[in-house]
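**Q** I need the structure of the sequence given here:
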Amino acid sequence: MLKSVETKPIRQISDLLQGMTREVFFKEYFQKKPFVLKRNDPDFYGDILRLEDLEYFIECNTDHISTVSAVEEDGARARFEGGSKTSYVEQVYDKLHNGFSIVLDALQLNHPPLKDMCLGLQSETMYRFQTNIYITPPAARAFKLHFDGHDVFILQTHGTKKWFVDEEALMVPIEGDHYKGPDTMEGRTYTEHLMEPGDFMYVPKGFLHRAESSDTEFSIHITLGFHPPIWERLMDQVVESAVRENAELRAAMPMWEVSGASEPDLRKWAKMISGYLNEDFIVRELREFPKLWGDTLDGQFGGQFLSAINYLSKDVEKSYRGNKSIPVKEYNEDENFVLRFYGKEVRFPAGAANAVAFCLKSDKFAQTDIPDLEDDESREVLIDSLVREGLVLVEKA
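**A** All right, here's what the predicted structure looks like:
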(Lines give C-alpha, C1' and ligand atoms only; values in the text may rest on other atoms or scores of the structure.)
Protein backbone atom coordinates (compact mmCIF):
# COMPACT_ATOMS: atom_id res chain seq x y z
CA MET A 1 0.00 0.00 0.00
CA LEU A 2 1.37 3.39 -0.97
CA LYS A 3 2.05 5.51 2.10
CA SER A 4 1.14 9.15 2.29
CA VAL A 5 4.04 11.54 2.68
CA GLU A 6 4.66 15.04 3.90
CA THR A 7 6.44 16.76 1.06
CA LYS A 8 8.91 19.59 1.03
CA PRO A 9 7.16 22.02 -1.30
CA ILE A 10 8.91 22.21 -4.66
CA ARG A 11 6.61 24.37 -6.69
CA GLN A 12 8.87 26.98 -8.28
CA ILE A 13 12.20 27.19 -10.08
CA SER A 14 13.68 28.89 -7.01
CA ASP A 15 12.71 25.90 -4.83
CA LEU A 16 14.86 23.62 -6.99
CA LEU A 17 17.75 26.05 -7.41
CA GLN A 18 18.21 27.23 -3.83
CA GLY A 19 16.87 30.70 -4.41
CA MET A 20 17.86 31.33 -8.04
CA THR A 21 14.94 33.21 -9.53
CA ARG A 22 13.00 32.14 -12.58
CA GLU A 23 14.20 35.29 -14.35
CA VAL A 24 17.89 34.48 -13.77
CA PHE A 25 17.48 30.84 -14.83
CA PHE A 26 15.71 31.68 -18.08
CA LYS A 27 18.05 34.56 -18.91
CA GLU A 28 21.37 32.85 -18.19
CA TYR A 29 20.85 29.08 -18.58
CA PHE A 30 17.64 28.06 -20.34
CA GLN A 31 18.54 26.41 -23.67
CA LYS A 32 22.00 27.99 -23.40
CA LYS A 33 24.19 25.90 -21.09
CA PRO A 34 24.02 23.09 -18.51
CA PHE A 35 23.92 23.80 -14.82
CA VAL A 36 24.86 21.60 -11.83
CA LEU A 37 24.03 22.19 -8.18
CA LYS A 38 25.86 20.16 -5.50
CA ARG A 39 23.39 20.46 -2.67
CA ASN A 40 25.12 18.43 0.09
CA ASP A 41 21.68 17.46 1.38
CA PRO A 42 21.04 13.75 0.66
CA ASP A 43 17.50 13.94 2.03
CA PHE A 44 16.39 16.91 -0.05
CA TYR A 45 14.19 14.80 -2.37
CA GLY A 46 13.44 12.15 0.25
CA ASP A 47 9.82 13.11 0.74
CA ILE A 48 8.87 13.21 -2.94
CA LEU A 49 10.21 9.76 -3.92
CA ARG A 50 10.88 7.02 -1.37
CA LEU A 51 12.27 3.55 -1.96
CA GLU A 52 9.31 1.82 -0.32
CA ASP A 53 6.95 3.55 -2.77
CA LEU A 54 8.78 2.35 -5.90
CA GLU A 55 7.85 -1.33 -5.47
CA TYR A 56 4.20 -0.31 -5.29
CA PHE A 57 4.48 1.59 -8.56
CA ILE A 58 6.38 -1.19 -10.32
CA GLU A 59 3.64 -3.66 -9.44
CA CYS A 60 0.72 -1.34 -10.19
CA ASN A 61 1.98 0.92 -12.99
CA THR A 62 2.08 -1.67 -15.76
CA ASP A 63 0.96 0.73 -18.50
CA HIS A 64 3.82 3.14 -17.80
CA ILE A 65 6.82 0.89 -17.21
CA SER A 66 9.65 -0.16 -19.52
CA THR A 67 13.25 -1.36 -19.34
CA VAL A 68 16.24 -0.12 -21.30
CA SER A 69 19.98 -0.76 -21.54
CA ALA A 70 22.78 0.81 -23.52
CA VAL A 71 24.08 -2.69 -24.34
CA GLU A 72 21.14 -3.26 -26.66
CA GLU A 73 21.97 -2.52 -30.27
CA ASP A 74 19.03 -0.21 -30.96
CA GLY A 75 18.98 1.27 -27.45
CA ALA A 76 15.18 1.21 -27.47
CA ARG A 77 12.96 0.65 -24.49
CA ALA A 78 11.29 -2.73 -24.05
CA ARG A 79 7.73 -2.99 -22.77
CA PHE A 80 5.91 -6.08 -21.60
CA GLU A 81 2.85 -7.68 -23.11
CA GLY A 82 0.57 -10.50 -22.08
CA GLY A 83 0.75 -12.89 -19.16
CA SER A 84 -0.42 -12.57 -15.58
CA LYS A 85 0.67 -9.80 -13.26
CA THR A 86 3.00 -12.28 -11.57
CA SER A 87 4.61 -13.09 -14.91
CA TYR A 88 4.86 -9.42 -15.73
CA VAL A 89 6.63 -8.52 -12.47
CA GLU A 90 8.99 -11.48 -12.88
CA GLN A 91 9.98 -10.23 -16.34
CA VAL A 92 10.69 -6.74 -15.00
CA TYR A 93 12.96 -7.98 -12.21
CA ASP A 94 14.65 -10.46 -14.51
CA LYS A 95 15.66 -7.53 -16.71
CA LEU A 96 16.88 -5.62 -13.65
CA HIS A 97 19.10 -8.54 -12.60
CA ASN A 98 20.55 -8.56 -16.11
CA GLY A 99 21.71 -4.96 -15.99
CA PHE A 100 18.67 -3.19 -17.49
CA SER A 101 17.26 0.02 -16.04
CA ILE A 102 13.62 0.23 -15.05
CA VAL A 103 11.81 3.33 -16.31
CA LEU A 104 8.58 4.57 -14.74
CA ASP A 105 7.03 7.04 -17.18
CA ALA A 106 4.79 9.96 -16.27
CA LEU A 107 4.72 9.06 -12.56
CA GLN A 108 3.30 12.51 -11.77
CA LEU A 109 -0.04 11.08 -12.93
CA ASN A 110 -0.10 8.67 -9.96
CA HIS A 111 2.15 10.10 -7.26
CA PRO A 112 0.80 13.22 -5.46
CA PRO A 113 4.18 14.75 -4.50
CA LEU A 114 5.39 14.62 -8.11
CA LYS A 115 2.05 15.86 -9.39
CA ASP A 116 2.17 18.81 -6.99
CA MET A 117 5.70 19.67 -8.12
CA CYS A 118 4.85 19.50 -11.84
CA LEU A 119 1.68 21.56 -11.50
CA GLY A 120 3.44 24.15 -9.38
CA LEU A 121 6.18 24.59 -11.98
CA GLN A 122 3.53 24.67 -14.69
CA SER A 123 1.68 27.43 -12.89
CA GLU A 124 4.89 29.47 -12.70
CA THR A 125 5.98 29.03 -16.32
CA MET A 126 2.94 27.92 -18.37
CA TYR A 127 5.09 24.99 -19.57
CA ARG A 128 3.99 21.36 -19.28
CA PHE A 129 6.14 19.22 -16.94
CA GLN A 130 6.53 15.43 -16.74
CA THR A 131 8.55 13.09 -14.54
CA ASN A 132 10.22 9.82 -15.54
CA ILE A 133 11.98 7.70 -12.90
CA TYR A 134 15.16 5.78 -13.81
CA ILE A 135 16.24 2.87 -11.60
CA THR A 136 19.68 1.68 -12.76
CA PRO A 137 21.57 -1.30 -11.26
CA PRO A 138 25.30 -1.08 -10.46
CA ALA A 139 27.79 -0.77 -13.34
CA ALA A 140 25.10 -0.07 -15.93
CA ARG A 141 23.95 2.55 -18.43
CA ALA A 142 20.38 3.10 -19.52
CA PHE A 143 21.09 4.93 -22.79
CA LYS A 144 23.88 5.36 -25.27
CA LEU A 145 25.20 8.87 -25.92
CA HIS A 146 22.21 10.99 -26.92
CA PHE A 147 20.49 14.34 -26.71
CA ASP A 148 16.89 15.03 -25.75
CA GLY A 149 14.35 16.94 -27.79
CA HIS A 150 13.26 18.82 -24.68
CA ASP A 151 14.97 20.38 -21.66
CA VAL A 152 15.37 18.30 -18.50
CA PHE A 153 16.09 18.72 -14.82
CA ILE A 154 17.85 15.75 -13.19
CA LEU A 155 17.04 15.14 -9.51
CA GLN A 156 19.31 12.47 -7.99
CA THR A 157 17.35 10.75 -5.23
CA HIS A 158 19.30 7.57 -4.36
CA GLY A 159 22.81 6.28 -5.03
CA THR A 160 25.25 7.99 -7.36
CA LYS A 161 25.59 8.40 -11.11
CA LYS A 162 28.39 9.88 -13.21
CA TRP A 163 27.26 12.15 -16.02
CA PHE A 164 29.19 13.27 -19.07
CA VAL A 165 27.65 16.40 -20.60
CA ASP A 166 28.76 18.24 -23.73
CA GLU A 167 29.48 21.93 -23.18
CA GLU A 168 27.96 22.99 -26.50
CA ALA A 169 24.67 22.18 -28.17
CA LEU A 170 24.90 19.78 -31.08
CA MET A 171 21.70 21.23 -32.54
CA VAL A 172 18.37 22.79 -31.54
CA PRO A 173 16.19 19.70 -31.95
CA ILE A 174 12.46 19.27 -32.00
CA GLU A 175 10.69 16.37 -30.35
CA GLY A 176 11.48 13.16 -32.22
CA ASP A 177 14.98 14.14 -33.42
CA HIS A 178 17.73 11.64 -32.55
CA TYR A 179 21.52 11.64 -32.36
CA LYS A 180 22.99 9.19 -34.87
CA GLY A 181 26.71 9.54 -34.16
CA PRO A 182 29.18 7.32 -32.29
CA ASP A 183 28.73 6.40 -28.64
CA THR A 184 31.75 8.37 -27.46
CA MET A 185 32.62 11.85 -26.24
CA GLU A 186 36.02 11.67 -27.93
CA GLY A 187 36.79 14.91 -29.75
CA ARG A 188 34.09 16.84 -27.91
CA THR A 189 34.37 19.34 -25.06
CA TYR A 190 32.50 17.97 -22.07
CA THR A 191 32.31 18.01 -18.29
CA GLU A 192 31.98 15.15 -15.81
CA HIS A 193 29.66 15.34 -12.82
CA LEU A 194 29.19 12.81 -10.03
CA MET A 195 25.57 13.19 -9.03
CA GLU A 196 24.86 12.29 -5.41
CA PRO A 197 21.54 12.19 -3.50
CA GLY A 198 20.06 15.67 -3.33
CA ASP A 199 22.05 17.00 -6.31
CA PHE A 200 20.47 18.82 -9.24
CA MET A 201 21.41 19.14 -12.91
CA TYR A 202 19.92 21.03 -15.84
CA VAL A 203 20.59 19.69 -19.35
CA PRO A 204 19.24 21.82 -22.23
CA LYS A 205 17.82 20.13 -25.29
CA GLY A 206 20.38 19.38 -27.97
CA PHE A 207 23.28 18.85 -25.53
CA LEU A 208 24.84 15.39 -25.83
CA HIS A 209 25.09 13.42 -22.61
CA ARG A 210 25.38 9.94 -21.15
CA ALA A 211 25.39 8.58 -17.62
CA GLU A 212 26.54 5.47 -15.78
CA SER A 213 25.94 4.10 -12.30
CA SER A 214 28.76 3.22 -9.94
CA ASP A 215 30.19 -0.30 -9.71
CA THR A 216 28.73 -0.88 -6.26
CA GLU A 217 25.26 0.68 -5.88
CA PHE A 218 21.96 1.39 -7.56
CA SER A 219 21.20 4.82 -8.93
CA ILE A 220 17.71 6.30 -8.88
CA HIS A 221 16.92 9.71 -10.33
CA ILE A 222 13.95 11.74 -11.48
CA THR A 223 14.10 13.22 -14.95
CA LEU A 224 11.86 16.27 -14.83
CA GLY A 225 11.21 17.22 -18.44
CA PHE A 226 9.53 20.42 -19.50
CA HIS A 227 7.66 20.97 -22.71
CA PRO A 228 7.09 24.57 -23.77
CA PRO A 229 5.27 25.54 -26.95
CA ILE A 230 7.71 26.50 -29.69
CA TRP A 231 7.03 29.25 -32.24
CA GLU A 232 5.92 26.62 -34.73
CA ARG A 233 2.82 26.07 -32.61
CA LEU A 234 1.90 29.74 -32.86
CA MET A 235 2.51 29.62 -36.61
CA ASP A 236 0.15 26.67 -36.89
CA GLN A 237 -2.51 28.67 -35.03
CA VAL A 238 -1.97 31.76 -37.21
CA VAL A 239 -2.28 29.78 -40.43
CA GLU A 240 -5.31 27.83 -39.21
CA SER A 241 -7.11 31.03 -38.18
CA ALA A 242 -6.30 32.71 -41.51
CA VAL A 243 -7.60 29.71 -43.46
CA ARG A 244 -10.82 29.58 -41.45
CA GLU A 245 -11.49 33.29 -41.98
CA ASN A 246 -10.58 33.62 -45.68
CA ALA A 247 -12.25 31.53 -48.36
CA GLU A 248 -9.47 32.25 -50.86
CA LEU A 249 -7.03 30.26 -48.71
CA ARG A 250 -9.42 27.29 -48.72
CA ALA A 251 -9.56 27.15 -52.51
CA ALA A 252 -7.63 24.51 -54.44
CA MET A 253 -4.13 25.42 -55.58
CA PRO A 254 -3.67 25.34 -59.40
CA MET A 255 -0.69 23.02 -59.24
CA TRP A 256 -0.25 22.90 -63.02
CA GLU A 257 0.29 26.66 -62.91
CA VAL A 258 2.41 26.76 -59.74
CA SER A 259 4.78 24.04 -60.97
CA GLY A 260 5.92 26.11 -63.93
CA ALA A 261 5.10 29.60 -62.70
CA SER A 262 7.19 32.65 -63.51
CA GLU A 263 8.74 34.82 -60.78
CA PRO A 264 5.99 37.48 -61.09
CA ASP A 265 3.24 34.84 -60.68
CA LEU A 266 4.97 33.30 -57.66
CA ARG A 267 5.26 36.71 -56.05
CA LYS A 268 1.57 37.40 -56.81
CA TRP A 269 0.54 34.34 -54.79
CA ALA A 270 3.06 35.11 -52.07
CA LYS A 271 1.62 38.62 -51.78
CA MET A 272 -1.90 37.20 -51.53
CA ILE A 273 -0.87 34.87 -48.69
CA SER A 274 1.14 37.48 -46.78
CA GLY A 275 -1.77 39.88 -47.04
CA TYR A 276 -3.77 37.58 -44.80
CA LEU A 277 -0.85 37.07 -42.40
CA ASN A 278 -0.13 40.72 -41.71
CA GLU A 279 1.29 42.11 -38.48
CA ASP A 280 -2.06 43.14 -37.00
CA PHE A 281 -3.45 39.66 -37.60
CA ILE A 282 -0.44 38.01 -35.91
CA VAL A 283 -0.70 40.40 -32.94
CA ARG A 284 -4.30 39.32 -32.48
CA GLU A 285 -3.31 35.66 -32.54
CA LEU A 286 -0.44 36.28 -30.11
CA ARG A 287 -2.91 37.83 -27.69
CA GLU A 288 -5.13 34.74 -27.89
CA PHE A 289 -2.36 32.17 -27.82
CA PRO A 290 -1.83 31.96 -24.02
CA LYS A 291 -5.52 31.22 -23.52
CA LEU A 292 -5.55 28.49 -26.19
CA TRP A 293 -2.30 27.01 -24.87
CA GLY A 294 -3.70 27.10 -21.35
CA ASP A 295 -6.57 24.90 -22.52
CA THR A 296 -4.06 22.11 -23.15
CA LEU A 297 -2.46 22.23 -19.69
CA ASP A 298 -3.37 20.07 -16.73
CA GLY A 299 -5.34 21.75 -13.98
CA GLN A 300 -4.73 21.48 -10.25
CA PHE A 301 -7.90 21.03 -8.30
CA GLY A 302 -6.71 19.50 -5.04
CA GLY A 303 -9.27 19.54 -2.25
CA GLN A 304 -12.37 19.64 -4.43
CA PHE A 305 -13.66 16.21 -3.43
CA LEU A 306 -13.97 17.01 0.28
CA SER A 307 -15.11 20.51 -0.65
CA ALA A 308 -17.99 19.08 -2.68
CA ILE A 309 -18.94 16.68 0.12
CA ASN A 310 -19.05 19.53 2.64
CA TYR A 311 -20.83 21.94 0.29
CA LEU A 312 -23.58 19.53 -0.72
CA SER A 313 -24.23 18.29 2.83
CA LYS A 314 -27.25 20.09 4.27
CA ASP A 315 -26.51 19.55 7.95
CA VAL A 316 -22.92 20.85 7.96
CA GLU A 317 -22.00 24.29 9.24
CA LYS A 318 -19.62 25.61 6.60
CA SER A 319 -16.65 27.94 6.27
CA TYR A 320 -14.90 28.92 3.05
CA ARG A 321 -11.40 29.71 1.81
CA GLY A 322 -9.86 30.72 -1.49
CA ASN A 323 -8.10 27.92 -3.36
CA LYS A 324 -4.71 29.56 -3.80
CA SER A 325 -3.21 26.58 -5.62
CA ILE A 326 -5.01 27.63 -8.82
CA PRO A 327 -3.23 30.44 -10.73
CA VAL A 328 -5.92 33.01 -11.47
CA LYS A 329 -5.52 36.17 -13.54
CA GLU A 330 -8.06 38.96 -13.09
CA TYR A 331 -9.24 41.33 -15.84
CA ASN A 332 -11.70 44.17 -16.12
CA GLU A 333 -13.52 43.89 -19.42
CA ASP A 334 -16.29 46.37 -20.28
CA GLU A 335 -19.04 45.65 -17.74
CA ASN A 336 -17.53 42.37 -16.55
CA PHE A 337 -14.94 41.24 -14.05
CA VAL A 338 -13.16 38.24 -15.66
CA LEU A 339 -11.21 35.41 -14.06
CA ARG A 340 -8.93 33.39 -16.32
CA PHE A 341 -7.31 30.10 -15.24
CA TYR A 342 -6.16 26.99 -17.08
CA GLY A 343 -7.36 28.47 -20.37
CA LYS A 344 -10.86 29.06 -19.03
CA GLU A 345 -12.71 32.32 -18.42
CA VAL A 346 -15.44 32.97 -15.83
CA ARG A 347 -17.28 36.30 -15.94
CA PHE A 348 -18.99 38.22 -13.16
CA PRO A 349 -20.71 41.62 -13.17
CA ALA A 350 -18.19 44.40 -12.64
CA GLY A 351 -19.93 45.35 -9.39
CA ALA A 352 -19.02 41.97 -7.90
CA ALA A 353 -15.26 42.48 -8.41
CA ASN A 354 -14.49 43.25 -4.74
CA ALA A 355 -16.64 40.37 -3.53
CA VAL A 356 -14.93 37.90 -5.87
CA ALA A 357 -11.45 39.13 -4.94
CA PHE A 358 -12.34 38.83 -1.24
CA CYS A 359 -13.38 35.19 -1.68
CA LEU A 360 -10.28 34.24 -3.65
CA LYS A 361 -7.80 35.84 -1.25
CA SER A 362 -9.33 34.99 2.13
CA ASP A 363 -8.02 32.08 4.19
CA LYS A 364 -11.27 31.64 6.08
CA PHE A 365 -14.62 33.40 5.82
CA ALA A 366 -18.34 32.91 6.28
CA GLN A 367 -20.85 33.61 3.55
CA THR A 368 -22.14 36.61 5.49
CA ASP A 369 -18.62 38.14 5.42
CA ILE A 370 -18.67 38.67 1.63
CA PRO A 371 -18.68 42.46 1.02
CA ASP A 372 -20.45 44.72 -1.49
CA LEU A 373 -23.37 42.40 -2.29
CA GLU A 374 -26.89 43.46 -1.41
CA ASP A 375 -28.45 40.26 -0.07
CA ASP A 376 -27.85 36.65 0.96
CA GLU A 377 -29.21 35.35 -2.33
CA SER A 378 -26.51 37.21 -4.28
CA ARG A 379 -23.86 35.83 -1.93
CA GLU A 380 -25.19 32.29 -2.40
CA VAL A 381 -25.09 32.62 -6.20
CA LEU A 382 -21.50 33.87 -6.07
CA ILE A 383 -20.35 31.15 -3.66
CA ASP A 384 -22.05 28.47 -5.74
CA SER A 385 -20.20 29.60 -8.87
CA LEU A 386 -16.79 29.83 -7.18
CA VAL A 387 -17.15 26.47 -5.42
CA ARG A 388 -18.20 24.70 -8.63
CA GLU A 389 -15.14 26.11 -10.41
CA GLY A 390 -12.87 24.96 -7.57
CA LEU A 391 -11.77 28.52 -6.85
CA VAL A 392 -13.24 28.41 -3.34
CA LEU A 393 -13.07 25.38 -1.05
CA VAL A 394 -15.63 24.46 1.59
CA GLU A 395 -14.68 23.17 5.03
CA LYS A 396 -16.59 22.25 8.16
CA ALA A 397 -16.76 25.29 10.44
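
**Q** any chance you could map the strands in the stretch 101-250 of the chain?
**A** Using DSSP state E, counting those that start in this stretch, the strands of the stretch 101-250 of the chain run over residues 101-104, 128-136, 151-158, 161-166, 190-195, 200-203, 209-213, 219-227.

**Q** Tell me the bridge partners for the most centrally placed residue in the chain.
**A** Centroid-nearest residue in the chain: residue 129, 1.6 Å away (criterion: C-alpha atoms, centre = their mean). Beta-bridge partners for residue 129, by DSSP bridges, are residue 226.

**Q** wait, doesn't it sit right on residue 227?
**A** Yes - judged on C-beta atoms under 8 Å, residue 129 makes contact with residue 227 at a distance of 7.5 Å. From N, CA and C alone the C-beta is placed, and that goes for glycine too.

**Q** Tell me where this structure is predicted with low confidence.
**A** 1-8, 81-86, 300, 343 (pLDDT under 70).

**Q** Residue ranges of each domain in it, please.
**A** As assigned by automatic domain parsing, the chain contains the domains 13-227, 232-294, 304-396.

**Q** And the helix or strand residue 281 falls within, what does it pack against?
**A** Using DSSP states H and E, residue 281 maps to helix 279-294. Packed against helix 279-294 by the contact rule (3 or more C-beta pairs under 8 Å, 6 or more residues apart in numbering; DSSP states H and E) you find helix 231-245, strand 336-341.

**Q** Buried residues in that helix, which are they?
**A** 282, 285, 293, 294 (16 or more other C-beta atoms under 10 Å).

**Q** Just want the phi and psi numbers for residue 261.
**A** Torsion angles at residue 261 (phi, psi; degrees, to the nearest 10) stand at phi -70, psi 150.

**Q** burial count for it?
**A** 14 (other C-beta atoms under 10 Å).

**Q** Contacts only, for it.
**A** residue 269 (C-beta atoms under 8 Å, 6 or more residues apart in numbering).

**Q** Roughly how far does it sit from residue 159?
**A** 63 Å (C-beta to C-beta, to the nearest Å).

**Q** got it, and residue 334?
**A** Residue 334 is 59 Å from residue 159, by C-beta to C-beta.

**Q** and the two? which has more neighbours close in?
**A** In this view residue 334 and residue 159 are compared by other C-beta under 10 Å, and residue 159 has more residues nearby, 20 against 7.

**Q** With adjacent residues omitted, what lies nearest to the more buried one?
**A** residue 219 (4.1 Å; C-beta to C-beta, 6 or more residues apart in numbering).

**Q** Contacts only, for that neighbour.
**A** The contact partners of residue 219, by C-beta under 8 Å, 6+ apart, come to 134, 135, 136, 156, 158, 159, 160, 161, 195, 213.

**Q** cutoff 6 Å now
**A** Counting by C-beta atoms under 6 Å, 6 or more residues apart in numbering, residue 219 touches 136, 159, 161, 213.

**Q** and the nearest residue to residue 154 once chain neighbours are set aside, how many residues sit next to it?
**A** Leaving aside its chain neighbours, residue 154 sits nearest to residue 201 (4.1 Å; criterion: C-beta to C-beta, 6+ apart). For residue 201, the count of nearby residues is 23 (other C-beta under 10 Å).

**Q** is it true that residue 201 touches residue 35?
**A** No - with contact defined as C-beta atoms under 6 Å, residue 201 does not reach residue 35; the gap is 7.1 Å.

**Q** And the strands of the stretch 101-250 of the chain: which comes nearest residue 308?
**A** strand 128-136 (26.9 Å; C-beta to C-beta).

**Q** contact partners of that closest one?
**A** 101-108, 114, 118, 121-122, 142, 213, 219-227.

**Q** rewinding a little: tell me which of the strands of the stretch 101-250 of the chain sits nearest to residue 351.
**A** strand 128-136 (36.9 Å).

**Q** next one: the closest one to chain centre, how far?
**A** 11 Å (C-alpha atoms, centre = their mean, to the nearest Å).

**Q** Please apply the same query to stretch 80-99.
**A** Centre to centre, stretch against its chain (C-alpha atoms, centre = their mean), the figure for stretch 80-99 is 30 Å.

**Q** cool, stretch 283-299 as well?
**A** 15 Å.

**Q** And the contacts of that stretch?
**A** Counting by C-beta under 6 Å, 6+ apart, 229, 234, 237, 238, 241, 342, 343 sit against stretch 283-299.

**Q** Just to check, residue 221 is in contact with residue 159?
**A** No - Residue 221 is beyond contact range of residue 159, at 8.5 Å (criterion: C-beta under 6 Å).

**Q** which of the residues in whatever helix or strand residue 27 lives in are buried?
**A** Secondary structure from DSSP H and E places residue 27 in helix 22-28. Judged by neighbour count using 16+ other C-beta under 10 Å, the buried positions of helix 22-28 are residue 25.

**Q** helices and strands around it, which ones?
**A** Applying 3 or more C-beta pairs under 6 Å, 6 or more residues apart in numbering; DSSP states H and E, we find helix 22-28 packed against no helix or strand.

**Q** The next helix or strand after that helix pairs with which strands, parallel or anti?
**A** Next helix or strand after helix 22-28 toward the C-terminus (DSSP H and E): strand 35-37. Here strand 35-37 has these sheet partners by DSSP bridges: strand 200-203 (antiparallel).

**Q** Before I go, just wanted to say thanks for your time.
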